[in-house]
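following is a predicted model, sequence given first.
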Amino acid sequence: MIRSVPARGVLAVLAIWTLAGCNNSPYPPGITKESIFFMSQIDDPRKLDPASSYRDDEGKILDVICPSYYEYHPLKTKVFQLKPMLGERDARREAYNYTDAGGKAIAGERWTFHIRHDLRFQDDPCFPSGKGRTITARDFLYAFRRMADPVNGSPVVSFFEDKIIGFDELIARNRERQKRGEPADYDAPVAGLQLDPADPYAFSIALNQSYPQLRYLMAMHFTSPMPYEAAAYYGGDIQRHPVGCGPYVLESWTPKRRIVLAKNPNRPPESYPDDGDPGDAEAGYLAPAGRQLPLVDKIIISTITENTTGWNLFLQGYQDAWILKQTNFQQAFSQQGMLSEEMRQHGIRLVKTNDIGVTYFAFNMQDPVVGGYTPARRKLRQAISLAVNSQEFIDLFSQGNGIVAQGILPPGIYGYDPAYNNPWRAYDPSLARARELLKEAGYPSGIDSKTGDRLTLYYDNALTTAGGRQFVGLISRQLEALGIDFESRSQRDVVWQNKIDGNNWQFTDYGWLADYPDAENFFFLLYGPNRRPGPNLTGYDNPVYNRLFEKMRAMDDTPERLAIIHQLRAMIEEDCPLIFVQHTETMTLYQGWVGPVKPNPIGNTLHKFRSVDAALRAERQREWNAPVVWPLAVLAALFVACNVPAVLVVRNRHRRHVTQRGSSTPVSPSCSVT
Amino acid sequence: MLRYLIRRVLYAVPILVGVSLITFILFYGVVPPRQIARRNLSAKNPTPEQIQDWLVAHGYDKPMPEQFKKHMTELFLLRFGRSDSTGEDIAARIRAGAGPSFLIASLIFASALVTQLFMALWAAYFRGTYVDAWITFLCVVSMSVVFIVFVIVGQYLLGNLMRFFPLAGYQSGLSAFRFAFLPAVVGVAAGLGSGTRLYRTFLLEEVNQDYVRTARAKGVPEARILFRHVLKNAAIPIITSTVLAIPSLMLGSLVLESFFGIPGLGSYTYDAINSQDFAVVRAMVFLGTLLYIAGTILTDVCYALADPRIRLE
């Protein structure tokens, strides 16, 4: 026990100092008063390499570090619109006819790009003086060569491989070199990738076919200019050191802790747009018009794996934004889609983003029971489709937020028709039409009329979590109402993926989020040649569909293209290889001090438009997080109460001991001590 | 003792090779290399060519014995290579994560050891009384409650209700202790029941020994008997149970680090298994085995230091 007065004094001072310094802010003092946007991520990005990063979370960080020739207009979301970012003007697209090595005449096209002259890479140790150098067209083409290097494992190389003239040969040559243990060839000429000898700021891409989607790929970070110095300097670590010319640079990345993005002093001048969709001005989205971007100096993204922890940090005001999860719904909403009183009192607002995607159940078209193209099989699939109630899924798993999907195209994509109603997605609780179709398919009341056995639908899935089991329970209940047996086979993700790849499945669930906002990026999910391992999960292979798809993908958005899109839609409707469920919505909560940001599901450059009222944030954080000391008093009282019996026991023992010694009673040697 | 230690270190080599071989076979048995490639490639639907490229780039296209030989050579040289999934330098990641993990785990380890021993001595001192009964009851309650409840209650009380400590996060330097306090309290509270019960048992076994009766007969006060004689003689089983926990100090705690946002190594192996990152799995298994072997050797040395009857030969 510390008995000296000075020591006790020091302890008291230390205790007071510790308590005074106690607060629940996870940040260094004063930092939240600065122009910083605080947010979180569930996990670290796997990598931040423009050539190979593909995940959504990676794209949102990478696209503000490594911008591309084009970017999506942040405010035009009714019809997505590209505008030049690093480009000086729109690319020139022209016919390019040539004869290939076999003497065959090819009708291709050539795109010529002119980049801005004021572009500089960020300052980085990879450059000789540490100062970023001027960006030229060569840096854009270097990005393409990195995609052709098999070591980088670029996920989009297949988009270019069969289209850029000579690109497939470069890839094949690099593969051979890799097998021999040699580095990829970054100098070999490629006929389809050409610099302009007269203009260091121009380059062209020649294609062996018409490919209007190239403009979208030129808006993705895969085609962002890349300094060869960075690849040479960082080697294998390039995946964690993106070097670009965007509004932000990666200031630091501490694994499992945080990513800090800081304003790039070398960023090209850029201001907040002054035009948008109708209603944007009223919603406040045009308030920052004309202001220089980015609007905040830093973005701090903390890694918070646990949903509970992240949610509580948001409620304490230490996160500026929070993407809602299913587990937060009860606290966030008072009724379907409406924010709770607690949220509203805190000034929190809800922003919904319609994802450019679709979720669906899929039939294996090679399956002997549900697959095939005969009228009976079609009717069977249509019957099952009619039994699936998408709205119930949306209500149960998304608190009513989401759009019932009628077809493969989501809102915002050319060809999407909000008035379209898929007859096989019109849910009727009586299931009358579904039962009728089931009977016509040879399964009256779900019984196989040939064998007398009840039809069993085997559902392979990777839904092993509690939420997943609820999902399985719902689809099971809906389909069993039709009179068929429904058997779910939930397995580990790897096992499920193996089954899908090996065509060893009958019925499953899947989803698709667009790479770019074009109908081609959805209809290709059912294009025959894209079957596994391609994106065509079902193995649907309809020659008429395939021909129409090939025609449609090479077309610009014209009424003629729209007519083909409608034909493709009708074929999917009739053959019913997929049961469309919903176009999902992402729900984000923003604190009251965060400026309005228009959600843009396809543009990944949201960070540069974020703004905060830092003074208000600091005030609210102080107000919401004042320490509460009364539980300490309760704990102290509890501690004393618990120890009183112990003290009494000690006293009693001591007293007994003294009494025994005083009475001189002899102690028996056989007395055992326990 | 030196000869003994050299012999133990040499024994470690076949153990390390054996454990690595088992890991190698098990991992490949469960997840074939093509599956590893598929999982770690960024593409949604990688083509067979992309999968082959990845296998070649990561050396998984070689025959298995050749791969194993290369892996073992690299591991013994402590060259862990790069993660299959993220491409990051595994050694650098371990260096970065070991500090926070060690801070949290060592705080919990030391505080828990002291608290558990104190409680055990307290229970032993009041053995057979209602104080002992209450401690036993609290220990059973503590052991019955799942770990995650301690985490949630701890966060709620100290972070949400009293608002004394951050719910999650981490800063380096002295500030780290501010972030370490809450997980440490939770870790100590969660381990209190089992540790106290275990040490109480060790202590009570000693309390019935002849030398204790002799000391009592000579009139040595009970507290002195417990702290001076019984504790020293109960040290052997206590050392066994504590020193073997040392490897986990470096490798971190999965749940604590996840909930409190500690950038340690707790989830590193777990994440690697989930993402089928064999490079990280084999490195962490090797490191874990190495630390475990070091822990057992240290235990033997501690035996010899604590008990003069034990000689290491």
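That came through fine. Numbers count the residues shown, from 1 in each chain, chains lettered A, B, ... in the order given.

quick check, central residue of chain B?
For chain B, the residue nearest the mean C-alpha position is residue B:248 (1.5 Å; CA atoms, centre = their mean).

tell me the contacts of the residue of the stretch 401-550 of chain A found nearest chain B?
Chain B sits closest to residue A:535 of the stretch 401-550 of chain A, with a gap of 4.9 Å, by CB to the nearest CB. Placement of C-beta: from N, CA and C, glycine included. Residue A:535 sits next to A:512, A:524-525, B:44-45 when contact means CB atoms under 8 Å, 6 or more residues apart in numbering or on different chains.

PyMOL command for the buried members of the residues you listed?
In PyMOL syntax, the buried subset of those is picked out as below (16 or more other CB atoms under 10 Å in any protein chain shown):
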select buried, (chain A and resi 512+524+525) or (chain B and resi 45)
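
just give me the closest of the contacts of residue A:535 to residue A:262.
Closest to residue A:262 out of the contacts of residue A:535 is residue B:44 (31.7 Å), distances taken as CB to CB.

doesn't residue A:186 belong to a strand?
No: under DSSP: H, G, I helix; E, B strand; the rest coil, residue A:186 sits outside any strand and is assigned coil.

from chain B, how far out is the nearest residue to it once chain neighbours are set aside?
Nearest residue to residue A:186, sequence neighbours excluded (CB to CB, 6 or more residues apart in numbering or on different chains): residue A:145, at 5.1 Å. Noted for residue A:145: a distance of 15 Å to chain B, by CB to the nearest CB, to the nearest Å.

OK, contacts around residue A:642?
Counting by CB under 8 Å, 6+ apart, residue A:642 makes contact with residue B:134.

that one: what secondary structure?
Secondary structure, three-state DSSP: residue A:642 is helix.

quick one: pLDDT of it?
Looking at residue A:642, its pLDDT is 72.

buried stuff in the helix or strand harbouring residue A:342?
If you go by DSSP states H and E, residue A:342 is part of helix A:341-345. Residues of helix A:341-345 classed as buried by neighbour count (16+ other CB under 10 Å): residue A:343.

residues contacting that helix, please?
Applying CB under 8 Å, 6+ apart, the contact partners of helix A:341-345 are A:331-332, A:334, A:350, A:589.

from those, which land in helices?
Residues of those located in helices (DSSP state H): A:331-332.

only the buried subset of the contacts of helix A:341-345, as a PyMOL command please.
To isolate the buried ones among the contacts of helix A:341-345 in PyMOL, judged by 16+ other CB under 10 Å, type:
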select buried, chain A and resi 332+350+589
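
return the residues of the stretch 151-300 of chain B in contact with chain A.
Proximity of the stretch 151-300 of chain B to chain A is confined to B:152, B:155, B:157, B:159-171, B:175, B:178-179, B:207-208, B:212-213, B:216, B:257-264, B:267, B:271, B:276 under the rule CB under 8 Å from any CB of the partner chain.

give the helix, strand or coil label for residue A:347.
What three-state DSSP gives for residue A:347 is coil.

ok, residue B:170 touching residue B:256?
No: between residue B:170 and residue B:256 there is no contact under CB atoms under 8 Å: 11.9 Å.
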